[in-house]
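Chemist: Whatever this is, show me its structure:
(chains A, B, C and D)
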There are 2 protein chains.
Amino acid sequence: MTNIRSIAKLAGVSVSTVSRVLNDHPYVKEEKRRKVLDAVEQLNYIKNANAVHLSKGKTYSIGVILPYLNLPYFGEILQGIAGEALNHGYHLQLFQTDYDRRAELDAFHRLQMKEVDGLILTSRSNSLDVLAPFIGSNVVFCENVYDPAHKKVFIDHYKGIRRAVEYLVSKGHSQIGLCLHRTFGTNSEERIRGFYDSSEAAGHTVRDEWIFNDCYDLQNGRDVLSAWEQMDEKPSALIVTSDQVSAGMVAEAEKKSIRIPDDLAIVSFDNHPISDALNITSFEVPIRNVGVEAFKLFLENEHPEPVILTTKMFERGSV
Amino acid sequence: MTNIRSIAKLAGVSVSTVSRVLNDHPYVKEEKRRKVLDAVEQLNYIKNANAVHLSKGKTYSIGVILPYLNLPYFGEILQGIAGEALNHGYHLQLFQTDYDRRAELDAFHRLQMKEVDGLILTSRSNSLDVLAPFIGSNVVFCENVYDPAHKKVFIDHYKGIRRAVEYLVSKGHSQIGLCLHRTFGTNSEERIRGFYDSSEAAGHTVRDEWIFNDCYDLQNGRDVLSAWEQMDEKPSALIVTSDQVSAGMVAEAEKKSIRIPDDLAIVSFDNHPISDALNITSFEVPIRNVGVEAFKLFLENEHPEPVILTTKMFERGSV
DNA sequence: GTGAAAGCGCTAACAG
DNA sequence: CTGTTAGCGCTTTCAC
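Modeler: Residues are numbered from 1 along each chain as shown, chains lettered A, B, ... in the order given. The predicted structure is shown next:
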């Protein structure tokens, strides 16, 4: 175990001088600095990060809570966080939850144990009441939590869905369905609210059986299309909150010779490359930026203003 | 700062007794155990992970090195690692490299600093010579590195490509191209070797201009298809090492009214849901298992046998 | 400029 | 069963 003490001895200085050299502190005579660096070289010394963490009470690492790792959505947000974290010398610790509340709580426990300096919740499973005792300025939400003291960055899903509905209405649709990840969680609730409000504004009544949920991936999209096909009264258009799901629908429609958009129009969200490839009209959702902003918020200590990002439609052939 | 000492005082016992209770060690009188737990409760005590890490010389966390986070391939492998790690009480630390050698070396530096207990390389940028000094039994490769001392788990890409070629040959193709992620790296080299060997076995000569690389995502696939279209002499079939890329090709073909498989046959790899959705013949590549096995290898200390996983074809309509 | 020494908070060997 | 004590390795105040 070659530690700071052994190099101090070899260099003929005190441990504090070694520490100063190692951390680029000023006020060290060039001569001693050299001796220290030589000793470091000679003994092949490597700093022990855990000792530093303990001593400083910081780890320069941040935890990211997410349900799944194999969905593009979370890949993108992670990419955003990772890039920004790297720029600031931080590392990422991953807490995959599978939407399991206990796994999520475990992450907060790690935060309390100072294993990470902060936490970014890309998606949440526990109620805010449950989490409340653990939330401080080192926790960032990717949703519009109400407490103004909480740091948050989110997409304006309400407006996004409203615009999607309005667009479909402008194209003559009056029978519109919705396809969601889930029905709970702030982001989903905002989408649903947007859907109801804009439907009402257009004079439509929302049909509950036209709201599909648990839609995450391609296969889910294919299943929804099959379900749609079986319906007696079908919506003429579907708003789908994920390109993966839309892609599954389009692919399945192709197989079943269902015409998009003639038989069924689709407005999607994400604007991932696949929507362009499959000619699906999609709202760009800057999730990568959500990641970037989330990390910035974590660092920010002056005025944690909520960051609100907006969606933007890319018109293609699915409507 | 409520620490082990303060709860020892409040409970009227020694710090070691507290430590024993906290770590479920045997031989603690029930009465003292209660007192300790009461004190813990009362003072709202939470263990400091960094102190534990320092004291034990372990962090129970493992680093994962990967180039990108927003590709399904790495999402899947991560998912595999994460699940297995969780089962064993380990955490994941992410080292995203963008294929930057220095970022990769930084991860090894962290290993030396004991910030993580081990490292899994899902993809590698530096030469093995450069990494050699840092490789021990706590490093796992996801490729067939030659050194028998290294822990490794990998897909038999050589055989996979050979079978893909043989399948195409059996379908009457003699003009076969290849579409790769990159040309360097063990996995890619194995694929290329398989391609050359099986082409030779079939009596074909390989045309260099029919080998495309830098193909990672949908857009790359679309570009390749456009390039293919422009060629004077076109291959009649393409082996594509990623479903994402194949999907891009199929989508672009649809737009250009190029018929798959009549104008161009495609054999893909991954067997992700998208290949099923788009009716693409694809070899299942068990990357998720690569992640699972990688973590198991990390834990394994007796006989680190290399783990070799194989691909399996799912015949669909793209050939 | 530099060193001594007091932490940071926990673990574990050892003695009883 | 339980307490004492010596680490784990680094940072940082304070005094010279």
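Chemist: switch to C-alpha atoms for all contacts and neighbour counts from now on
Modeler: Will do.
Chemist: The residue of the stretch 51-200 of chain A at minimum distance from DNA strand C: how many residues sit nearby?
Modeler: Evaluated by C-alpha to the nearest atom of the strand, the stretch 51-200 of chain A has residue A:55 as its residue closest to DNA strand C, separated by 3.5 Å. Applying other C-alpha atoms under 10 Å in any protein chain shown, we find 12 residues neighbouring residue A:55.
Chemist: Residue A:290 now?
Modeler: Neighbours of residue A:290 (other C-alpha under 10 Å): 27.
Chemist: Check the one 5 residues further on too.
Modeler: As a burial measure, residue A:295 scores 27 neighbours (other C-alpha under 10 Å).
Chemist: Before we go further, it is sitting in a helix, right?
Modeler: Yes. Counting by DSSP: H, G, I helix; E, B strand; the rest coil, one finds residue A:295 located in a helix.
Chemist: how about the strands of the stretch 201-319 of chain A, start to end?
Modeler: A:211-212, A:237-240, A:265-270, A:282-284, A:307-309, A:312-314 (DSSP state E, counting those that start in this stretch).
Chemist: about what we covered before: how about the helix or strand encompassing the residue of the stretch 51-200 of chain A closest to DNA strand C, does it reach DNA strand D?
Modeler: In the assignment (DSSP states H and E), residue A:55 maps to helix A:49-56. Yes. Helix A:49-56 reaches DNA strand D (C-alpha under 7 Å from any atom of the strand) through A:49, A:51-52, A:54-56.
Chemist: of all those, which comes closest to residue B:243?
Modeler: residue A:49 (40.5 Å; C-alpha to C-alpha).
Chemist: and the closest one, what does it touch?
Modeler: B:110, B:113-115 (C-alpha atoms under 8 Å, 6 or more residues apart in numbering or on different chains).
Chemist: quick one: which two of those are the most distant?
Modeler: B:110 and B:114 (6.2 Å).
Chemist: Let me see the residues that make contact with the helix or strand just after the helix holding residue A:55.
Modeler: Heading C-terminal from helix A:49-56, the first helix or strand you meet, by DSSP H and E, is strand A:61-66. With C-alpha under 8 Å, 6+ apart as the test, strand A:61-66 has contacts from A:74, A:78, A:90-99, A:104, A:107, A:115-124.
Chemist: Could you list the contact residues of chain A toward DNA strand D?
Modeler: Checking chain A against DNA strand D by C-alpha under 7 Å from any atom of the strand, the hits are A:1-5, A:15-17, A:19-20, A:22-23, A:46-49, A:51-52, A:54-56.
Chemist: List buried residues within those.
Modeler: The neighbour count (16 or more other C-alpha atoms under 10 Å in any protein chain shown) marks A:4, A:15, A:17, A:46-49, A:51, A:54 as buried among the residues of chain A next to DNA strand D.
Chemist: With respect to residue A:311, which of those is nearest?
Modeler: Nearest to residue A:311 among these: residue A:49, at 41.5 Å, using C-alpha to C-alpha.
Chemist: do you know which of the strands of the stretch 201-319 of chain A lies nearest residue B:33?
Modeler: strand A:307-309 (47.8 Å).
Chemist: Give the pairing partners of the closest one; include direction for each.
Modeler: Paired strands of strand A:307-309, with direction, are strand A:151-155 (parallel) (DSSP bridges).
Chemist: which parts of the partner strand are buried?
Modeler: A:151-155.
Chemist: now stretch A:136-145
Modeler: Buried residues in stretch A:136-145, counting neighbours by 16+ other C-alpha under 10 Å, are found at A:137-145.
Chemist: Report the two of those residues separated the most.
Modeler: A:138 and A:144, at 16.5 Å, using C-alpha to C-alpha across these.
Chemist: how close does the residue located most distally from the centre of chain A sit to residue A:26?
Modeler: Residue farthest from the centre of chain A, counting by C-alpha atoms, centre = their mean, is residue A:12 at 50.7 Å. Distance, residue A:12 to residue A:26, by C-alpha to C-alpha, to the nearest Å: 19 Å.
Chemist: In a strand, residue A:140, correct?
Modeler: Yes. Checked against three-state DSSP, residue A:140 lies within a strand.
Chemist: Mind listing the residues bridging to it?
Modeler: Bridge pairing for residue A:140 - DSSP bridges - gives residue A:120, residue A:151.
Chemist: and the gap between it and residue A:191?
Modeler: 21 Å.
Chemist: what does residue A:67 give?
Modeler: Residue A:67 is 19 Å from residue A:191, by C-alpha to C-alpha.
Chemist: and stretch A:310-319, anywhere near chain B?
Modeler: No. Using C-alpha under 8 Å from any C-alpha of the partner chain, stretch A:310-319 stays clear of chain B, coming no nearer than 11.5 Å.
Chemist: Actually, stretch A:217-225.
Modeler: Yes. Stretch A:217-225 lies within reach of chain B by C-alpha under 8 Å from any C-alpha, at A:218-219, A:222.
Chemist: Once you drop chain neighbours, what's closest to residue A:98?
Modeler: In this structure, residue A:98 finds its nearest non-sequential neighbour in residue A:67, 4.3 Å apart by C-alpha to C-alpha, 6 or more residues apart in numbering or on different chains.
Chemist: check contacts around the one you found.
Modeler: By C-alpha under 8 Å, 6+ apart, the contact set of residue A:67 is A:96-100, A:123.
Chemist: Buried ones in the strand or helix carrying residue A:164, by neighbour count?
Modeler: Using DSSP H and E, residue A:164 falls within helix A:157-170. If you call a residue buried by 16+ other C-alpha under 10 Å, then helix A:157-170 has these buried ones: A:157-166, A:168-169.
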